[in-house]
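S.K.: Just to be clear, the model below is a prediction. Sequence and coordinates:
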Amino acid sequence: MKAFFTLLAIALALLLQSALSVVLPAGARVFDPFLLVLVYCGLSFGETHGMLAGATAGWVQDTFFGGHVLGLSGLTKVLVGFAVGLAATRFQLTEAGPRALVLVAAVVLDVLLLGALAAMFDIGVGRPGLSGLALRAAVNAVLGVLLFELLERRLMSKRRP
């Protein structure tokens, strides 16, 4: 059942990213719904599920929005998903504040890993400056925390008799 909902969330992220690319192309470079999916999976289900969600989300992102090397975003998202899942098993990351920090760290790690891996393959990727990275981290952290809260409230209301 977890796998089904993870795939559904990745499909919704694809739909959202596609719509955002058409309506607001600059916003599509700032907001990363695929990263939100893998962070939620890592926080909720641990490092294995976070890695698998990251691999799937990254491959989908590479296939539809990627550059020259298929799998580059997939690899970065695998590593980010593993790191988030590992942190979630070691620390209590259920409150909004710690989750926002995890989202900020995930965005920064994703950008740094993508830049490092792209440099290894001698591929030019547009790396944001410090202000662009801060904006990207802030947008994803705020939207991620809001989405996680809404999702958790919805799940809690379904569990109550």
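M.R.: Nice, I can see it.

S.K.: Flag the shaky bits of this protein, pLDDT-wise.
M.R.: Low-confidence segments of the chain (pLDDT under 70): 67-68, 160-161.

S.K.: Mind jotting down where the helices sit in it?
M.R.: For the chain, the helices defined by DSSP state H cover 2-23, 25-30, 33-45, 47-65, 72-90, 96-120, 130-159.

S.K.: and the ones you listed as JSON lines, adding mean neighbour count?
M.R.: Glycine gets a C-beta too; all of them are placed from N, C-alpha and C. JSON lines is the format used below for these (neighbours: other CB atoms under 10 Å):
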{"stretch": "helix 2-23", "mean neighbour count": "14"}
{"stretch": "helix 25-30", "mean neighbour count": "13"}
{"stretch": "helix 33-45", "mean neighbour count": "26"}
{"stretch": "helix 47-65", "mean neighbour count": "22"}
{"stretch": "helix 72-90", "mean neighbour count": "22"}
{"stretch": "helix 96-120", "mean neighbour count": "18"}
{"stretch": "helix 130-159", "mean neighbour count": "14"}
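
S.K.: residues in contact with the residue at minimal distance from the centre of the chain?
M.R.: Closest residue to the average C-alpha location of the chain: Leu35 at 0.7 Å, with CA atoms, centre = their mean. Going by CB atoms under 8 Å, 6 or more residues apart in numbering, Leu35 touches 57, 77, 80, 106-107, 110, 140.

S.K.: Among those, which one lies nearest to Gly126?
M.R.: Asp110 (13.8 Å; CB to CB).

S.K.: Quick check: that closest one touching Leu36?
M.R.: No - Asp110 sits out of contact with Leu36 when judged by CB atoms under 8 Å, with a separation of 11.2 Å.

S.K.: Touching stretch 9-16 from outside, list them.
M.R.: Against stretch 9-16 from outside (CB under 8 Å, 6+ apart): 33-34, 36-37, 40-41, 53, 56-57, 60, 64.

S.K.: Check the gap between Ala96 and Leu147 for me.
M.R.: Distance of Ala96 to Leu147, given as CB to CB, to the nearest Å: 11 Å.

S.K.: One more: Glu95?
M.R.: When distance is defined by CB to CB, Glu95 is 15 Å away from Leu147.
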